[in-house]
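In: Quick one: sequence and predicted model below, then my questions.
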Amino acid sequence: MLDVPAEIGIARSQGGAKHEDRFEKKALAFHQAVRQGFVQIAENNAGRCHILDETAPLDTVTENITGIFTQTWYA
């Protein structure tokens, strides 16, 4: 799971969008609750899911994804 605070996710979704859809128009509390739900799923399935900090630099995120994939694929 590429995790990012709801505020940042909302800002990113509006950055290049020409229009908002129903999802983007939802209140911040909605987005925070959805994020928390996904975090809970990932935490409850730690053997299958990984939570990666998407606010980290792109190179770091890429290295983390590659490392998890390699570790899982070649295990």
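Out: Yes, it's here. Residues are numbered from 1 along each chain as shown.
In: Check the offset of stretch 58-65 from the chain's centre.
Out: Remark: stretch 58-65 is offset 13 Å from the chain centroid, using Cα atoms, centre = their mean, to the nearest Å.
In: buried sites along it?
Out: Neighbour counts using 16 or more other Cβ atoms under 10 Å place N64 of stretch 58-65 among the buried residues. Every residue, glycine included, has its C-beta placed from N, CA and C.
In: if we look at it, which residues are touching it?
Out: For stretch 58-65, the external contacting residues (Cβ atoms under 8 Å, 6 or more residues apart in numbering) are L2, H50, L52, D53, E54, A56.
In: redo that, cut-off 6 Å
Out: By Cβ atoms under 6 Å, 6 or more residues apart in numbering, the residues outside stretch 58-65 that reach it are L52.
In: Let's test this: mean pLDDT of that stretch, rounded?
Out: Averaging pLDDT along stretch 58-65 gives 96.
In: do the same with stretch 14-25
Out: 73.
In: which residues in this protein form strands?
Out: 2-3, 52-53 (DSSP state E).
In: now the ones you listed as JSON lines including mean pLDDT?
Out: Formatted as JSON lines, the strands of the chain follow (pLDDT from 0 to 100):
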{"stretch": "strand 2-3", "mean pLDDT": "96"}
{"stretch": "strand 52-53", "mean pLDDT": "96"}
